[in-house]
Structures are given as C-alpha cells and as structure tokens.
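Asker: Below is the sequence, then the predicted model.
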Amino acid sequence: DAGVIQSPRHEVTEMGQEVTLRCKPISGHDYLFWYRQTMMRGLELLIYFNNNVPIDDSGMPEDRFSAKMPNASFSTLKIQPSEPRDSAVYFCASSLARFRNYGYTFGSGTRLTVV
Amino acid sequence: GIQVEQSPPDLILQEGANSTLRCNFSDSVNNLQWFHQNPWGQLINLFYIPSGTKQNGRLSATTVATERYSLLYISSSQTTDSGVYFCAVGQGAQKLVFGQGTRLTINP
C-alpha cells in the first residue's frame, strides 16, 4: 500500500487566495482526520470523517475553512480566503476501526505558507 | 477536554544510551498512540497501546490506564532516533488529542 498521500507537499500563496489541500487515505480505511501543526499550538484536530461523513468539525478555525470527502478515496481541505496566520503544516491521517485497533497512519503533510 | 502532558520536554543523550519518555493524561481513555516525528517532519506511528506492554525492536511501551500514564522506552539509542516523540490519547476511533511532545537529540 502506498500509504496516505497528500498533495501538494509545499504551497506558497498570497493572502486572499484560495488554497486547496488534497488527501488520499489508505484503501479500506473508514476514518479520515485533518490536523494542523504549528509551533505555537502543536498538533490540533481540524475535522474528521467516518465513512465519508463529517463527524466533528469543532476544530475548524472559522468559516474560511471547509472540508469535503466526496468518496472513500479522496478528501479536500479548502481555505478561502487565505491569511498569513493560516501558515502551518497540514496533515491528513486515516485509520481502520476494526478489531478495535485504531492506529493512525499519517501522510507526509502539506507545508502551507501564506504571504 | 482531556489534557496530555509529556515529560521531559527535551532530552539530549549520547548514542548507545537508554531513555524513558512519559505521558500523563487527565481522563480515562481507550485509545493511546505513540508517534515519532523525524527531522523531515514525517509522523510515524510507533505503538497503538491503550493498555499493557508492547515491544518492537529497541522500542517498547507500557500503558497503565488505571493510573493514567504511559511510558516509552528506547534502548541503545541511535542517531536516527532523534526527533520529536508524541503521545496522543482519545476514546475509541474518535479524535486523538496530542501532547506537546518530547524532543530527543541523540549525539554520535
């Protein structure tokens, strides 16, 4: 298995522009998580899905952030409009809640810089 | 919400040394995982260990759920063990809350 695949690896954009981050989970996994990592706040959960349905989006900072999972093999995290304070590394992770082994597998992350 | 505290925040050791990293959490959990973030930023799952003891090569972990702590042991450290070690806890398949991490530096 290729693991969790995120794209792009790096993104530099200007303030006010729309940014779309992409994630392909491990095939067969039924949970997908979006995390953001910053020096100040560490790793914080933004939103997670179970069987493509959003379960908890309480971590989404504000209305500028939105996430979708149109099918089991693809999810997007969109920021519109982007701001400098959105600069961070965004991670996607997936897990399979079967046999009660909930181990996460993370993607390589997208480093976002908003200038 | 649940609080996760890791100690020590920083640890510097010579190659070959052993180390113990600790994770305390404030509420009962049935999902606890340890991760290693390498210097390139990749997060690697080391253990899923809500209770008991597991070993994988030079690494082992023990979770005492009733006392709300977990320990990660690294024996015969290598420079490739450097990075940040995170403990994360939660309930079932739901979201994990991450600690602030222990930064481990192994010098040759």
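Answerer: Nice, I can see it. Residues are numbered from 1 along each chain as shown, chains lettered A, B, ... in the order given.
Asker: So what are the sheet partners of the lowest-mean-pLDDT helix or strand in chain B and their directions?
Answerer: Among the secondary structure pieces of chain B, namely its helices and strands, strand B:96-98 has the lowest mean (mean pLDDT, DSSP states H and E), a mean of 94. In the sheet containing strand B:96-98, its partner strands are strand B:83-90 (antiparallel), by DSSP bridges.
Asker: Need the contact partners of the partner strand.
Answerer: By CB atoms under 8 Å, 6 or more residues apart in numbering or on different chains, the residues outside strand B:83-90 that reach it are A:43, A:102, A:104, B:2, B:4, B:6, B:21, B:23, B:25, B:29, B:31-39, B:43, B:46, B:70, B:72, B:96-99, B:101-104. Quick note: C-beta positions are derived from backbone N, CA and C, even for glycine.
Asker: likewise stretch B:9-20?
Answerer: With contacts defined as CB under 8 Å, 6+ apart, stretch B:9-20 is touched by B:21, B:71-79, B:100-108.
Asker: Of these, which belong to strands?
Answerer: Among those, the members falling in strands are B:21, B:71, B:72, B:73, B:74, B:102, B:103, B:104, B:105, B:106, B:107 (criterion: DSSP state E).
Asker: Pull the most distant pair out of those residues.
Answerer: Spatially, the most separated pair among the ones in strands among the contacts of stretch B:9-20 is B:71 and B:107, at 23.0 Å (CB to CB).
Asker: Among the ones in strands among the contacts of stretch B:9-20, name the buried ones.
Answerer: In terms of neighbour count (16 or more other CB atoms under 10 Å in any protein chain shown), the buried residues within the ones in strands among the contacts of stretch B:9-20 are B:21, B:71, B:72, B:74, B:102, B:104, B:106.
Asker: close to chain B, is stretch A:43-63?
Answerer: Yes. Using CB under 8 Å from any CB of the partner chain, stretch A:43-63 reaches chain B at A:43, A:44, A:45, A:48, A:50, A:55, A:56, A:59.
Asker: Where neighbours are concerned, which of the residues you listed has the most?
Answerer: residue A:48 (24 neighbours; other CB atoms under 10 Å in any protein chain shown).
Asker: quick one: the closest residue to it other than its chain neighbours from residue B:88, how far?
Answerer: The spatial neighbour of residue A:48 that comes closest, neighbours along the chain excluded (CB to CB, 6 or more residues apart in numbering or on different chains), is residue A:33 at 4.4 Å. Separation of residue A:33 from residue B:88 (CB to CB, to the nearest Å) stands at 11 Å.
Asker: which neighbours do the two share?
Answerer: Residues within reach of residue A:33 and of residue B:88 at once, by CB under 8 Å, 6+ apart, are A:104, B:96.
Asker: I'd assumed residue B:39 was in contact with residue B:106.
Answerer: No. If you go by CB atoms under 8 Å, residue B:106 and residue B:39 don't touch, sitting 11.3 Å apart.
Asker: so what's in contact with the two at the same time?
Answerer: A shared contact of residue B:106 and residue B:39, defined by CB under 8 Å, 6+ apart, is any residue touching both; here these are residue B:82.
Asker: circling back to that earlier point, out of the contacts of stretch B:9-20, who's near chain A?
Answerer: When CB under 8 Å from any CB is applied, the members of the contacts of stretch B:9-20 adjacent to chain A are B:100, B:101.
Asker: What backbone torsions are found at residue B:51?
Answerer: Note on residue B:51: its backbone torsions stand at phi -160, psi 160 [degrees, to the nearest 10].
Asker: Hmm, I typed the wrong one, I wanted residue A:63.
Answerer: Here is the backbone geometry of residue A:63 (degrees, to the nearest 10): phi -60, psi -10.
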